[in-house]
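K.L.:
Sequence unavailable; structure follows:
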């Protein structure tokens, strides 16, 4: 049935089915998302019937805009390529973005996503993305760069995960989404058949401006008929679910959507924690921690679990990460949690320029900010030196406070040593007591770094060292 104006009149019908995200079964988790979730389809009056009934010229204009945009996108095709490789399409226009917003809002509404209050929406956007938006009903399309949240210049290219990766905060409809071409989110052959039937007659190639090269056009209809990973119908279903679940999870605080998002939208979900510092959901945070071991080639990836520098240059320590780890860390915790303390020790080496990291460029932050970060990590890890198993062994022998004492004893770090005391150990309650008690550990770590310890030269015990 063709797409109609009446389907957009939100008070003119009852919702037929409210989609529940639900936790997928094991079978569903192994299947593609198109097999496990069904979205509500549209069944409404024709445009002519609706126009005579409602006389809503604004909605008619929006439908006409969608038709014009759809025809443009069908002419341009899904992808373009020459004899050698795929080419980048021209940037999409603001009209295309508005048409997408119109169709996306209809998808959300038809599947139970009701309107979000302006103030609640603005508060949630500020909390998660750090972006301030007006609380009125003004129109806005605010771009958020998932690679670099502080780079605010909009990108009007479809996300490719390489050069372009971002989303739009869309008002007054009050939702967030990547941009999609209309064939990627609507069943255009069913919704706009009079436009779709023209597609077969549109050219499948054109002459490029550079060197008069032949450029081939892959049509959307060709992807529609595929049954492999490039199937447009499967991609469309995936995009619609992602649109719905992102908004339900973030705006509606619906945790039942989380499993699907972790399985099918991993980059975005990690970005919430690592790029934007949103650590308010324990299940998401736990998952991100277990997916982020320290790798020598990119230690900042691990560090992003614990801190973030915002766009004004301030450093925010992620207290929720430490709280979650304290809740779950134990000698019998799962391996991905147990390894975190060892990775903290290695991250301390990175931040202080020790060992394998002596020639690595460290984060672009002040020395005081760097010291505050490592002080918090060391303080967290040091508590496990004082916890013991039933057999008397410590939960941790990493001697983290001794490691920091060793680094700050070096001549090049004299400034940080004075800074730590001047900042009153950053207000961490037991820090000074543990710091003073770690003098033996400093001696021990000094020997580890500078080579005297070995079979023929074992370190003194703490009791022997204190007597000497």
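P.N.:
Thanks, I have the structure now. The structure displayed is predicted, hence computed values, not measured ones. Residues are numbered from 1 along each chain as shown.
K.L.:
Would you list the phi and psi of residue 421?
P.N.:
Phi and psi for residue 421, reported as degrees, to the nearest 10, are phi -70, psi -40.
K.L.:
can you pull out the strands in the stretch 301-450 of the chain?
P.N.:
Along the stretch 301-450 of the chain, counting by DSSP state E, counting those that start in this stretch, strands occupy 307-309, 315-317.
K.L.:
Below-threshold pLDDT in the stretch 1-150 of the chain: ranges please.
P.N.:
For the stretch 1-150 of the chain, applying pLDDT under 70 flags the ranges 1-55.
K.L.:
so where do the helices sit in it?
P.N.:
Using DSSP state H, counting those that start in this stretch, the helices found in the stretch 1-150 of the chain span residues 26-30, 33-36, 47-54, 57-76, 94-110, 118-129.
K.L.:
returning to that earlier point: now the strands of the stretch 301-450 of the chain as JSON lines including mean pLDDT?
P.N.:
Formatted as JSON lines, these follow (pLDDT from 0 to 100):
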{"stretch": "strand 307-309", "mean pLDDT": "98"}
{"stretch": "strand 315-317", "mean pLDDT": "97"}
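K.L.:
can you put the ones you listed in CSV and add distance to residue 377 and mean neighbour count?
P.N.:
C-beta here means a position set from N, CA and C on the backbone, and glycine is covered the same way. Shown next, in CSV, are the strands of the stretch 301-450 of the chain (distance: least, C-beta to C-beta, whole Å; neighbours: other C-beta atoms under 10 Å):
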stretch, distance to residue 377, mean neighbour count
strand 307-309, 9, 20
strand 315-317, 9, 15
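K.L.:
mind putting these in JSON lines, distance to residue 71 included?
P.N.:
Shown next, in JSON lines, are these (distance: least, C-beta to C-beta, whole Å):
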{"stretch": "strand 307-309", "distance to residue 71": "44"}
{"stretch": "strand 315-317", "distance to residue 71": "47"}
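K.L.:
and of the ones you listed, who's closest to residue 262?
P.N.:
Of all these, strand 307-309 sits nearest to residue 262, with 20.9 Å by C-beta to C-beta.
K.L.:
Now stretch 146-158: buried residues?
P.N.:
For stretch 146-158, burial by neighbour count (16 or more other C-beta atoms under 10 Å) applies to 146, 149, 155, 157.
K.L.:
Closest one of the residues you listed to residue 323?
P.N.:
residue 149 (23.6 Å).
K.L.:
For residue 270, which non-adjacent residue is spatially closest?
P.N.:
residue 288 (5.5 Å; C-beta to C-beta, 6 or more residues apart in numbering).
K.L.:
Would you mind finding the most buried of the helices of the stretch 1-150 of the chain?
P.N.:
helix 94-110 (a mean of 20; mean count of other C-beta atoms under 10 Å).
K.L.:
Remind me what that one packs against, helices and strands.
P.N.:
helix 57-76, strand 140-145, strand 166-171, strand 175-177, helix 232-250 (3 or more C-beta pairs under 8 Å, 6 or more residues apart in numbering; DSSP states H and E).
K.L.:
10 Å instead, please
P.N.:
Counting contacts by 3 or more C-beta pairs under 10 Å, 6 or more residues apart in numbering; DSSP states H and E, helix 94-110 is packed against helix 57-76, strand 140-145, strand 166-171, strand 175-177, helix 188-191, helix 232-250.
K.L.:
now the third one against strand 140-145, angle please.
P.N.:
Right, strand 166-171. With axes from the mean of the first three to the mean of the last three C-alpha atoms, to 10 degrees defining the directions, strand 166-171 sits at 160 degrees from strand 140-145.
K.L.:
swap in the last one?
P.N.:
Helix 232-250 and strand 140-145 meet at an angle of 100 degrees, taking the same axes, to 10 degrees as the criterion.
K.L.:
next one: helix 232-250 to chain centre, how far?
P.N.:
15 Å (C-alpha atoms, centre = their mean, to the nearest Å).
K.L.:
how is this structure carved up into domains?
P.N.:
As given by automatic domain parsing, the domain ranges for the chain are 6-246, 284-467.
K.L.:
and the end-to-end length of the last one?
P.N.:
Spelled out, it's domain 284-467. Terminal residues of domain 284-467 lie 50 Å apart, using C-alpha to C-alpha, to the nearest Å.
K.L.:
before we move on, the earlier item: contacts only, for the residue nearest to residue 270.
P.N.:
262, 266, 269-274, 279, 281, 304-305, 321 (C-beta atoms under 10 Å, 6 or more residues apart in numbering).
K.L.:
what kind of secondary structure is it in?
P.N.:
helix (DSSP: H, G, I helix; E, B strand; the rest coil).
K.L.:
Need the pLDDT of it.
P.N.:
pLDDT for residue 288: 98.
K.L.:
can you tell me how far it sits from residue 135?
P.N.:
30 Å (C-beta to C-beta, to the nearest Å).
K.L.:
if we look at stretch 444-461, which residues are touching it?
P.N.:
Contacts of stretch 444-461 (C-beta under 10 Å, 6+ apart): 345, 349, 354-355, 397-407, 409-410, 438, 440, 443, 462, 465-468.
K.L.:
and residue 221, how many neighbours?
P.N.:
Neighbours of residue 221 under the rule other C-beta atoms under 10 Å: 18.
K.L.:
That one against residue 232, yeah?
P.N.:
Yes. Under the criterion of C-beta atoms under 10 Å, residue 221 makes contact with residue 232 at 8.4 Å.
K.L.:
Cheers, nothing more for now.
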